[in-house]
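Take a look and give me a structure for this.
(2 chains)
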Amino acid sequence: MRRRGLILFSVVYIAILAMDYRWLVFSTDPVIQARFRDLFIGTALFLLFTLLVRSSLMSKLTLPQKLRLSGLGIVMIWAGLTVLDSISPFPGEFFNEMDAGRIGFNFWNHCLWLVLFYGLLTMGCALLIAVKALVFVQQGKKTQGNFRFLMILLFISVFVGSIFGKIGHAQGFAFGEWEGHLIGVNTVSFLIILMAVINGFRCKWIHYLNKRQKAACFFSLFLIILLLQFAIRSRGLEAIGEYSAAGYVFLISVLYIISIYTAMSFIGLLFLLPSAGILDSRIEEIKSLQALITTLSSVFHFDELVEQACQLAIRVANAHVAWIEMKEGESYRVVGAHGIASGELKEFSKGAWQGVRDSVFEEEAVLINDMQKDRRTHRLKHWKRNPGSLLAAKIRVKDEFMGILYAMRYEPFGFIDDSKPTFQSLAHQLALAMENINLLKVTIEQEVYREELRLAHEAQMRLLPRTMPEVSGLNLKGYCITANEVGGDFYDMIPMGEDRLDIAIGDVSGKGASAAFYMAELKGVIQALAPHFSSPGQILGQVNQFVLNHFESDTFVTMVYGIYIPSRRKLQVARAGHPPMAFIRDGNVEWIETGGVGLGLTGTETFNEALKEKDVRCRKGDLLFFHTDGVMEARNEGDEEYGEERLSEILKQVSGEDAEYLIRKVRESVEVFIGNTPKHDDITIVAIQVE
Amino acid sequence: MNGFEVKREDRDQISVVAVKGYLDAHTAPELEQMLQQLVDEERVHIVVNLAGLSYISSAGLGVFMGFIEDIRKKNGDIKLAEPNEKVYRVFDLLGFPVLYEIYQKEEEAIEKYRN
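Residues are numbered from 1 along each chain as shown, chains lettered A, B, ... in the order given. As a prediction, this is how the structure comes out:
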């Protein structure tokens, strides 16, 4: 399509040149010949215009670039016409003179003429495109139709001019020649002016300029209007008319259209200029808020956040100073300020601001136009800062009143009414950012706490025997898992020389960190006591005394303590309130439930009285099983306890197997039973196999 | 999960505290508070009715330990009554029967005080 247009344009253009040099002759009458040539020129212009419209010539430029280019185009038209004016003889007469043989053919003269003539027409087309681009900024419903109609009128005028325009004289049948003979032509001219005015209303682009650009544009437009007047009245234009009526009608129509459009934009700017500053500050406010949302949410230090918020408050409200005070209990503390030292504000923090605070508390945001007179701030009138007007907005998360954001100007009535909602939304954003920082802080604290618990857990796990002692004739295995990071369960295996192994399994009441500390203490106590006593009862009695003396009164410990003598395959065991151990032989499970009270529950006398020891004679293949209440009290989703029966059943099944197998089976069984239910107590199991 | 409830009923100089549900580390403070209140009021003849108690953990057991010494010094006592089988098993394992009077019926415990 575009290529075809270009080819067609070239053909038409070559035809025009051919006619100029009389290679192509339609009629011997020079007037008719000239009319044919004008029709071709009109067609060439139309083709050029459509080609330019379809190309995306202006679409990629920014508005200021479009404006600058258009201005340059107008200057070039004026310059071209001025140059034409200075060429003598009038080039329009050039061909006629040459025809008459009065002058010879001057190649360079002719070249200059061609460049100027077609250059001006092309520039005229380009300017139409520029006007179109400006008119189409923020299109209305009829924008396209109106502009198209103007262009159709323009080309009708061009073709009518080609056919009826007088040749040899500076006259087109467009503007400036109102005494033309044809009413129809005048009607077209009138319609062009009318449509140019209608299109001239579409100058929305002036709103998109900032204050400085508006001012620059205003003066440029003034100069351009003057230039256009010179161009329209220049004799260069007449020279074109003498050569081609079509060219003249086109160029002068374009110049009028541009003049009208420029004039209307100028008037538009005239009305906009006084408010340009306000508009700019509005736009600045919006931009600030956008910047705010992105910057404030990326600040994770409270001090930095406060500093940035103060700066933004100054920009948003166009204030002199801004500061933030936070509520701390019943009092207020200035946490950040910009343009003023926070120390200076503190002098007045006692009660001078209370009126504002009360007001903000009720209204979210407050604008005080004259601080000296307003009853809320009149106590500040002796402040050397000379307070003028004040904006204050509540910083609030959900319904919690956190603090106040202030902005102040030194003169009364310094803020515009509209800045209140913007200022309020700034305070709102600030509140959100503060909340974010708080949440982040809590998260980090929790993370630190969790890490500490993890370390405690590791420390506790190190208190359990890491490797089982090698005792001849015994196969030992222990397993412990805590419900929380740290727990109160423990077990220990203490080899005492060649022929004695002490086994302790216990549970400190309560859960969590304190139980874990007691457990660590107990381990040390037992290790210290064991070598000095030879029976479990004695050792437990000593531990009871220790727990009674050193642990809190509502803390107690349950324990099973056993002393195994390998050479005699004898286990002596005592139970202090702890779930009994199991003795497994030949598929039978015997629970060794001797009497005994928990450690730390009662004094030595009662304790020793209640405590009973028992001897268990072992043989090869026997299994000894110790556990804490976490096993039987493990719960499933249905809140059902694992219980003694299930445990007994498993223990029967593992009779005759080794210690490791026992541990694995019990673990599996308990884990399958509880499923996904969170563990609610520590689980500890110890197994000993007699070999 | 399972709620916990403590109710108090005064009969002459005797206070009957009825507990219900789960007594563990989370709910123990409620019972603690109740016992503390009784001690503060010098009402040291206490019967704890355990009929509604479905579970007691070591922390729950610790509550009684925390008060018994103080109460006995004031010539009072905590008597336990009507534990279910499971709860009694826990008491039994721990050796509570040596330390506390545990009764089948609340009335028996009250009767014991009156005599």
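
Could you use CA atoms for every contact and neighbour count after this?
OK.

In chain B, which residue sits nearest chain A?
residue B:94 (3.5 Å; CA to the nearest CA).

Thought residue A:578 was touching that residue, still the case?
Yes - proximity of residue B:94 to residue A:578 meets the contact threshold set by CA atoms under 8 Å, at 6.2 Å.

before we move on, what SS does the residue nearest in space to the middle of chain B have?
Centroid-nearest residue in chain B: residue B:48, 3.3 Å away (criterion: CA atoms, centre = their mean). Secondary structure, DSSP: H, G, I helix; E, B strand; the rest coil: residue B:48 is strand.

ok, the closest residue to chain B within the stretch 151-300 of chain A - contacts?
Going by CA to the nearest CA, chain B is nearest to residue A:300 of the stretch 151-300 of chain A, at 36.3 Å. Taking CA atoms under 8 Å, 6 or more residues apart in numbering or on different chains as the contact definition, residue A:300 lies against A:436, A:437.

secondary structure class for it?
Secondary structure for residue A:300, judged by three-state DSSP, is coil.

Likewise for residue A:689?
Classification of residue A:689 by three-state DSSP places it in strand.

Across the sheet, point out what pairs with the residue in the stretch 451-600 of chain A that chain B sits nearest to.
Proximity of the stretch 451-600 of chain A to chain B (CA to the nearest CA) peaks at residue A:577, 3.5 Å away. Here residue A:577 sits in beta bridges with residue A:559, as judged by DSSP bridges.

what number of residues lie near it?
Around residue A:577 there are 29 other residues, counting by other CA atoms under 10 Å in any protein chain shown.

got a list of contacts for the one helix or strand in chain B whose mean pLDDT sits lowest?
The weakest-scoring helix or strand in chain B, judged by mean pLDDT, DSSP states H and E, is helix B:58-73 (a mean of 86). The contact list for helix B:58-73, computed with CA under 8 Å, 6+ apart, reads A:509-511, A:553-556, A:601, B:23-25, B:27-28, B:31-32, B:35-36, B:39, B:44, B:77-78.

Could you tell me which residues of chain B lie near chain A?
Neighbours of chain A within chain B, by CA under 8 Å from any CA of the partner chain: B:25, B:58-59, B:62-66, B:92-96, B:98-99.

Any regions of the stretch 51-200 of chain A where pLDDT drops low?
By pLDDT under 70, the low-scoring segments of the stretch 51-200 of chain A are A:57, A:88-106, A:165-186.

what does the stretch 201-350 of chain A give?
A:285, A:288-289, A:292-294, A:347-350.

mind running it again at 90?
Scanning the stretch 201-350 of chain A for pLDDT under 90 picks out the ranges A:201-215, A:230-253, A:269-309, A:311-319, A:327-350.

what secondary structure does residue A:572 sit in?
The three-state label given to residue A:572 by three-state DSSP is strand.

count of residues packed around the closest residue to it other than its chain neighbours?
With CA to CA, 6 or more residues apart in numbering or on different chains as the criterion, residue A:572 has its nearest non-adjacent residue at 4.4 Å, and that residue is residue A:615. Using other CA under 10 Å, residue A:615 has 14 neighbouring residues.

repeat for the one 5 residues further on
Residue neighbour count, defined by other CA under 10 Å, stands at 13 for residue A:620.

quick one: it and residue A:690 touch, right?
Yes - if you go by CA under 8 Å, residue A:620 and residue A:690 touch, sitting 5.1 Å apart.

related to what we said a few turns ago, what's the overlap in contacts for residue B:94 and residue A:578?
The contact sets of residue B:94 and residue A:578 overlap at A:558, A:598 (CA under 8 Å, 6+ apart).

Have a look at the two and say which one is more surrounded.
Comparing residue B:94 with residue A:578 by other CA under 10 Å, the one with more neighbours is residue A:578, at 30 against 27.

Give the buried residues for the helix or strand hosting residue A:216.
Secondary structure from DSSP states H and E places residue A:216 in helix A:211-233. When burial is assessed from 16 or more other CA atoms under 10 Å in any protein chain shown, helix A:211-233 yields the following buried residues: A:211, A:214-215, A:217-218, A:220-221, A:224-225, A:227-228, A:231-232.

Can you show me the strands along chain B?
Listed in chain order, the strands of chain B (DSSP state E) span B:4-11, B:14-23, B:45-56, B:77-81, B:101-103.

which of those strands sits most buried?
strand B:77-81 (a mean of 23; mean count of other CA atoms under 10 Å in any protein chain shown).

Can you list the strands that that one pairs with?
strand B:45-56 (parallel), strand B:101-103 (parallel).

Can I get these in TSV including mean pLDDT?
Below are the strands paired with strand B:77-81 laid out as TSV (pLDDT from 0 to 100):
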stretch	mean pLDDT
strand B:45-56	91
strand B:101-103	93
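
Residue A:648 contacts residue A:589, doesn't it?
Yes - counting by CA under 8 Å, residue A:648 does reach residue A:589; the two are 6.6 Å apart.

who's more crowded, those two?
residue A:589 (22 against 16).

ok, back up a step: so which elements touch the helix holding residue A:216?
helix A:63-86, helix A:245-272, helix A:276-296 (3 or more CA pairs under 8 Å, 6 or more residues apart in numbering or on different chains; DSSP states H and E).

Tabulate those helices (JSON lines), appending distance to residue A:491 and mean neighbour count.
Shown next, in JSON lines, are the helices and strands packed on helix A:211-233 (distance: least, CA to CA, whole Å; neighbours: other CA atoms under 10 Å in any protein chain shown):
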{"stretch": "helix A:63-86", "distance to residue A:491": "82", "mean neighbour count": "18"}
{"stretch": "helix A:245-272", "distance to residue A:491": "88", "mean neighbour count": "22"}
{"stretch": "helix A:276-296", "distance to residue A:491": "54", "mean neighbour count": "16"}
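
Tabulate the ones you listed (CSV), appending distance to residue A:139.
Converted to CSV, those look like this (distance: least, CA to CA, whole Å):
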stretch, distance to residue A:139
helix A:63-86, 15
helix A:245-272, 16
helix A:276-296, 21
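
how about the ones you listed, which one is nearest residue A:39?
helix A:245-272 (7.3 Å; CA to CA).

who does that closest one touch, helix- and strand-wise?
helix A:30-54, helix A:107-135, helix A:143-164, helix A:183-200, helix A:211-233, helix A:235-243.

hmm, the helix or strand where residue A:648 lies in reach of chain B?
Assessed by DSSP H and E, residue A:648 sits inside helix A:643-653. No - counting by CA under 8 Å from any CA, chain B is not contacted by helix A:643-653; separation bottoms out at 10.2 Å.
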